[in-house]
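Trainee: Model the structure of this input:
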Amino acid sequence: MRLIFTYFTILSTALILFSCSGEQVDENQILKDEVIAIHDEVMPYMGDLKSLRKKINEKSEVLEEQDSVVNSEKVLELKLLAKDLDDAFEGMFVWMRQFKNSYEEMGEEEIKSYLQEQKVLVSKVRDDINRSMAAAKEELEGV
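Mentor: Model prediction:
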């Protein structure tokens, strides 16, 4: 009876350890999927960012040609908005270049920490893209 109990204890312990390590892997995969989903949510907007920047620059040029002195504040505001659009565009590619897709030399906790950091970074990229696009669209509504 004691042998059966010992066998059962060893088997139970092995199953618990195996299931815990499997949960960590699954948790990291879920986290990676979340990071990629945030990227995939805004990646299609890259062309829109460039298009909006072009329209904002055109509006700025028109105002500058009309009266560069009277419109100087608005022109500066539009140039800053164009820069925000460029920065949001560049932010996506900077993030993509530094993102590691392979974690061979990392332990499970390191992977988790890395992916949590990447989620914060890519969320900022998403927020910058959405914010700059919203501001540009609002500016261009009357055009």
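Trainee: which residues does the most centrally placed residue in the chain contact?
Mentor: Central residue check for the chain by CA atoms, centre = their mean: the C-alpha nearest the mean position is that of Val122, 2.1 Å away. Counting by CB atoms under 8 Å, 6 or more residues apart in numbering, Val122 touches Val35, Ile38, His39, Trp95, Phe99. Where C-beta positions appear, they are placed from N, C-alpha and C, glycine not excepted.
Trainee: Kindly recompute the last result at 7 Å.
Mentor: Applying CB atoms under 7 Å, 6 or more residues apart in numbering to Val122 gives the contacts Val35, Ile38, His39, Trp95.
Trainee: same deal with Asp33?
Mentor: Asp33 touches nothing, counting by CB under 7 Å, 6+ apart.
Trainee: what about it, distance to Leu140?
Mentor: Asp33 sits 35 Å away from Leu140, going by CB to CB, to the nearest Å.
Trainee: One more: Phe99?
Mentor: Counting by CB to CB, the gap from Phe99 to Leu140 is 32 Å.
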